[in-house]
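Q: got a sequence here, can you build the structure:
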Amino acid sequence: MPEITKQQAAAVPKGHPKGLYILFATEMWERFNFYGMRSILILFMTRALLFDKSFASNLYGSYLSLVYLTPLLGGFIADRYWGNRRCIITGGLVMALGEGLLFCCGSLYSPGATPPLATLLFFSGLGLMITGNGFFKPNISSLVGQLYPKNDIRKDAAYTIFYMGINTGGMFGPFICGLVGEREGHPEYFKWAFLVGGIGMLISVVVQLLFQHKYVVDPDNKQLGTIPANTPKAMLSPFLTMLGFAVLATVFIGLLYFDSKYNFLFYLLTLCIVAIPTVIFLDKTLTKVERDKVIVIFVICFFVIFFWGAFEQAGASLTFFAAEQTDRGTHGFTIPSWLIAVISAGLLYYFVVLFKKAQKNLASAFDRQLRVTVSGLLLLFGAGILAGNIYLFATGKKSIGQDEVPASWFQSLNSTFVVLFAPLFAWLWLSLGKKQPSSIRKTALGLFLLGLGYLWIAQGVNNVLPGVKVSMMWLTGMYALHTMGELCLSPIGMSLVNKLSPLKYSSLLMAVWFTANAFGNKVAGVLSSMYPPGAAEVSAAKEHGIDLATILATKTAPLPEIAVQLNKLGIPYEYKTVLGYHINNLYDFFMLFVFMAVIAAAVLFVFSKKLKRMMHEEA
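A: Modelled structure (predicted):
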């Protein structure tokens with residue numbers, strides 16, 4: 001046996017196919033676009049379009065909900081008609097066009113009022129982003145595994161590298177978009193964040209378009225993701241393609257708009273959650289084992305709703321908290337010019353090393369185009385670093401710094417912590433071996449850590465009056481705990497559905513998984529709309545001579561004439577109630593998520609042994 005293992009190990013090619021790095025770059029820039037745009041979306045809605053927080057939160061939840069549903073359609077069209085590559089390119093272009101419309105929307109900013117055209121462009125931009133994402137997201141991931149032979153041991157490492165691409169984009173997107181687009185008191189700058197996101201999306205498309213034919217191939221060197229042989233020619237018509245996308249985008253724009261008025265998407269998703277299990281369990285051909293496994297899938301999907309409903313507050317209520325009640329001041333912290341020069345020298349040295357590797361590893365005539373592209377990008381980055389240092393020292397600046405951390409930057413924390421913690425969790429599960437928790441208990445642990453994160457931030461705001469800002473450590477610590485929870489729960493979800501699904505219902509049950517994710521994101525928007533009045537409302541009321549802080553602190557209704565004035569100004573002053581739970585302040589708001597996540601974790605943990613038996617295998 002040892003000799004066979006060594007022979008097998010020797011037969012495994014070293015390194016990874018170049019196609020993996022093409023897909024890595026394509027996905028990284030797309031995630032740069034998506035997360036960068038998401039980081040400023042709620043701020044753009046409330047500061048530039050002047051939507052109230054409740055309306056903006058519900059709309060944010062609807063947007064993300066549809067983002068998770070459309071991959072079902074995009075995956076179906078790729079499998080039946082277009083192939084992965086065509087869907088990736090067209091989906092990417094549609095998303096870039098969506099960012100372009102959002103840029104135009106931001107360009108129409110008018111203080112004190114929102115032009116009707118700006119609202120139309122906003123909903124149209126979001127509709128195109130939803131449509132394009134549905135075609136891009138499911139198809140780029142499916143190509144990674146196809147680069148390798150069926151039982152290749154490098155696949156796990158390949159998906160780890162690809163996952164790092166996702167989080168690299170998720171880390172830099174909010175940072176860059178927030179840097180160029182978020183300026184306190186200047187909502188007109190938001191448009192630049194959309195422009196930068198659109199440029200990132202176009203880079204993603206260009207990378208895939210230039211190199212997919214050569215490098216995104218299977219082990220037999222056959223191109224992957226090509227158009228299926230039996231596709232009707234009419235389905236490939238450019239005119240019909242444009243018409244189809246126009247119709248889809250119109251549908252999603254309409255869904256978003258009407259949901260913002262009537263909130264019907266919540267009930268539609270509820271109907272799906274109820275109807276699909278009914279269809280499956282009415283099938284009398286299912287064996288008891290299959291039924292048990294399907295039940296486990298539905299139970300996991302149910303608890304996943306609680307997780308994403310709380311976790312996805314990141315782009316909504318937690319962004320409000322970062323913007324209004326977090327002390328984001330740097331307190332004079334600066335980076336000395338000499339340290340910038342040292343870091344720059346290290347980066348330039350690293351670029352030289354990469355340049356030499358590119359020349360060596362891509363030396364063949366076949367790789368000339370890729371070699372020139374990589375070398376050109378390295379030279380461009382190097383020139384940019386040199387130019388920045390020359391400018392810094394020519395102007396005589398001894399240091400650089402920023403008075404305040406943009407609120408959108410906090411959305412980079414999750415991806416940053418994923419990059420830091422993922423290797424640790426991989427090591428932990430490997431070290432525990434057979435002693436590691438089952439998939440069910442990992443899910444429960446993920447929910448518990450999520451609740452612990454909200455308990456941490458709840459303590460930070462306990463007994464803090466509206467308008468008083470708290471340290472950044474509370475938000476940072478919460479995101480660290482949330483990321484740990486995500487690493488326990490998120491990686492197992494889709495694989496568990498794939499593993500437990502009866503073959504005849506595999507696609508339908510994957511639809512259940514995506515629907516649960518969509519439902520969770522919609523719940524996130526609905527719960528974010530319960531965010532209590534705080535610093536922003538206190539400041540707005542103060543401008544009109546109203547002491548809202550005292551009204552909120554005493555929890556008493558304002559005088560009738562004050563209430564009328566607040567209503568006319570559109571300033572909320574009443575706390576809200578969820579299923580009998582009164583939200584009187586931020587502490588109560590965050591504790592809502594503590595109760596939700598911890599109770600869900602406890603219930604799932606209690607039933608974990610029974611659910612594991614129902615899987616009829618080791619999990």
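Q: residue 94: what's it in contact with?
A: Residue 94 is in contact with 128, 131-132, 135, 245, 249, counting by CB atoms under 8 Å, 6 or more residues apart in numbering. In short, each C-beta sits where N, CA and C put it, glycine included.
Q: and the helices in the stretch 451-600 of the chain?
A: With helices called from DSSP state H, counting those that start in this stretch, the stretch 451-600 of the chain shows them at 472-500, 506-528, 535-542, 548-554, 560-569, 586-606.
Q: then the stretch 301-450 of the chain?
A: Under DSSP H, counting those that start in this stretch, the stretch 301-450 of the chain gives helices at 317-324, 337-361, 368-394, 413-432, 439-461.
Q: what is the first one packed up against?
A: Put plainly, it is helix 317-324. In terms of contacts (3 or more CB pairs under 8 Å, 6 or more residues apart in numbering; DSSP states H and E), helix 317-324 is packed against helix 18-47, helix 472-500, helix 506-528, helix 535-542.
Q: rewinding a little: of all the helices of the stretch 451-600 of the chain, which one comes closest to residue 140?
A: helix 472-500 (14.7 Å; CB to CB).
Q: mind listing what's buried along stretch 500-516?
A: Neighbour-count burial for stretch 500-516 flags 500-502, 505, 509-516 (criterion: 16 or more other CB atoms under 10 Å).
Q: again, but for stretch 357-373
A: Result for stretch 357-373 [16+ other CB under 10 Å]: buried residues 358, 362, 367, 370-371, 373.
Q: burial of the nearest residue to residue 392 once chain neighbours are set aside, as a residue count?
A: Distances taken as CB to CB, 6 or more residues apart in numbering place residue 337 nearest to residue 392, at 5.7 Å, with adjacent residues excluded. For residue 337, the neighbour count with other CB atoms under 10 Å is 17.
Q: cool, and residue 268?
A: 17.
Q: next: the one 10 residues further on.
A: Residues lying near residue 278 (other CB under 10 Å) number 8.
Q: for residue 508, see how far away it is.
A: 12 Å (CB to CB, to the nearest Å).
Q: likewise for residue 104?
A: For residue 104, the distance to residue 508 - CB to CB - is 39 Å.
Q: returning to what we had before: give me whichever of the helices of the stretch 451-600 of the chain is most buried.
A: helix 506-528 (a mean of 23; mean count of other CB atoms under 10 Å).
Q: for it, packing partners?
A: helix 53-77, helix 265-281, helix 288-311, helix 317-324, helix 472-500.
Q: could you dump the buried residues of stretch 500-516 to CSV with distance to residue 353 and pLDDT?
A: As requested, the buried residues of stretch 500-516 are exported to CSV (distance: CB to CB, whole Å; pLDDT from 0 to 100):
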residue, distance to residue 353, pLDDT
500, 46, 84
501, 46, 81
502, 51, 81
505, 51, 78
509, 47, 81
510, 43, 78
511, 46, 79
512, 48, 83
513, 42, 84
514, 42, 83
515, 47, 86
516, 45, 89
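Q: so what's residue 517 up against?
A: Counting by CB under 8 Å, 6+ apart, residue 517 makes contact with 68, 304, 308.
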